[in-house]
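Visitor: Sequence and predicted model, in that order:
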Amino acid sequence: MAESFSVSRRFFDDKNYPRGFARHGDYTIREAQTLEQYGLACLELESGERKPATPEEKRFVAVCKGEEIAESVIEKAWLKYRDLTGKTKRIYTLSGNVAGDANDDFSAAE
């Protein structure tokens, strides 16, 4: 049976955390260690580059999709990382009168 979240190298985000997760101040020591140790697996699982091999990994993918609530340290640390780096999928909405109002005057006042 495959070990959950196994990777061959540590995860670093030099763009957002050039001095490392632990030295930036956004994460607890445990969260920083979790991201370094399992972040690469999290990234690959969320992107679909890696298929979930264990029940824990399947649950993680469901959490990333918003189908489950984060419970494990890995799930919570990854969601926090996504939120802080802006890597979450954003939904944009438009509201208002699309056609505009006939009484609207957008001409420049002279």
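Guide: That came in fine, so what should we check first?
Visitor: how many neighbours does Leu43 have?
Guide: 18 (other Cβ atoms under 10 Å). C-beta coordinates here come from the backbone N, C-alpha and C atoms, glycine included.
Visitor: Test for you: state the pLDDT assigned to the residue most central in space within the chain.
Guide: The centroid of the chain falls nearest to Arg82 when counting by Cα atoms, centre = their mean (2.5 Å). Listed pLDDT for Arg82 reads 94.
Visitor: On the pLDDT front, check the residue nearest to Tyr27 when sequence neighbours are not counted for me.
Guide: The shortest distance from Tyr27 to any non-neighbouring residue, by Cβ to Cβ, 6 or more residues apart in numbering, is to Phe21 (5.1 Å). pLDDT, Phe21: 94.
Visitor: How much space separates Ser47 from Leu40?
Guide: Between Ser47 and Leu40 the computed distance is 11 Å (Cβ to Cβ, to the nearest Å).
Visitor: do Thr34 as well
Guide: Distance, Thr34 to Leu40, using Cβ to Cβ: 12 Å.
Visitor: which one of the two has more residues nearby?
Guide: Thr34 (25 against 19).
Visitor: who's in contact with that one?
Guide: By Cβ atoms under 8 Å, 6 or more residues apart in numbering, the residues touching Thr34 are Val73, Ile74, Ala77.
Visitor: any idea which element it lies in?
Guide: If you go by DSSP states H and E, Thr34 is part of helix 29-47.
Visitor: For that helix, list every residue counted as buried.
Guide: 31-36, 38-46 (16 or more other Cβ atoms under 10 Å).
Visitor: go on, stretch 69-85?
Guide: For stretch 69-85, burial by neighbour count (16+ other Cβ under 10 Å) applies to Ala70, Ile74, Glu75, Ala77, Trp78, Leu79, Lys80, Tyr81, Arg82.
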